[in-house]
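Student: Return atomic coordinates for the entry below.
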Amino acid sequence: MNSDGSLPEDPFRLFEREVSHNLVDPADSTKFGYMKLTVTSAVSARQGKGLQAFQMATLMVPSLFGVPLEYYRTKLRAQVQVLNSRGEVLGTYSGSGTSTVNVAMYHGYSQTDAGRLADITALRYALNMIRPQLELASDSLRAKLLASGPIEPLPGETASRR
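Tutor: Residues are numbered from 1 along each chain as shown. This is a model prediction of the structure:
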């Protein structure tokens, strides 16, 4: 995801947290495959410039009554692939997410944080659409992953470092 708001590591951290909390057994140290997140499309936009002009023309008085300064909107599509230990794709699951974040003086978020929040929230919504798809396919994925065997460690790598 490449936008003005999110940091490069934000999607990775969110996906890593999603996988560790909701999709895999954290107590199992043997790994049988991989999960790969790809953001296939992302569109971020700052909207509501007319609101800013209105706020400035009225000396920011409407902001005292909760009128936002602008909006950050993000729409994205994400795809998760499950790969076995040999790198073969076992399943591809996709979802989309849309997020709108208000920028305001006394409620909402600041201009510096709103873009990042809109991007991450849209990705979170997309992952929420993907999670039920993975749950439906979990039995067949588990069988296919077990059939391919565990991931072989690299030479010199210990099981605790994988």
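Student: list the buried ones in stretch 34-43?
Tutor: M35, L37, V39, A42 (16 or more other CB atoms under 10 Å). Bear in mind the C-beta positions are built from the backbone N, C-alpha and C, glycine included.
Student: check which helix or strand covers the second one.
Tutor: Read that as L37. Using DSSP states H and E, L37 sits in strand 33-47.
Student: Identify all contacting residues around the very next helix or strand once past that strand.
Tutor: Downstream of strand 33-47, the first helix or strand assigned by DSSP H and E is helix 49-57. Helix 49-57 has contacts (CB atoms under 8 Å, 6 or more residues apart in numbering) with P62, S63, V67, P68, L69, E70.
Student: Next up, the contacts around the third one.
Tutor: Spelled out, it's V67. V67 sits next to L51, F54, Q55, A104 when contact means CB under 8 Å, 6+ apart.
Student: Turn those residues into CSV, columns for pLDDT and distance to L127.
Tutor: Shown next, in CSV, are those (pLDDT from 0 to 100; distance: CB to CB, whole Å):
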residue, pLDDT, distance to L127
L51, 85, 31
F54, 88, 36
Q55, 87, 35
A104, 83, 27
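Student: With respect to P150, which of the buried residues of stretch 34-43 is nearest?
Tutor: Closest approach to P150 among the buried residues of stretch 34-43 (CB to CB): M35, at 15.5 Å.
Student: ok, what's across the strand from that closest one?
Tutor: Beta-bridge partners of M35, counted by DSSP bridges, are V82.
Student: OK, contacts around it?
Tutor: F15, V19, L23, V80, Q81, V82, L83.
Student: can you do 10 Å?
Tutor: By CB atoms under 10 Å, 6 or more residues apart in numbering, the residues touching M35 are 15-16, 18-19, 23-24, 80-83, 91, 93, 134.
Student: The contacts of helix 49-57: which two are farthest apart?
Tutor: Once CB to CB is applied, the contacts of helix 49-57 give P62 and E70 as the farthest pair, at 12.7 Å.
Student: Need the max-distance pair from the buried residues of stretch 34-43.
Tutor: Taking CB to CB, no two of these sit farther apart than M35 and A42, at 19.5 Å.
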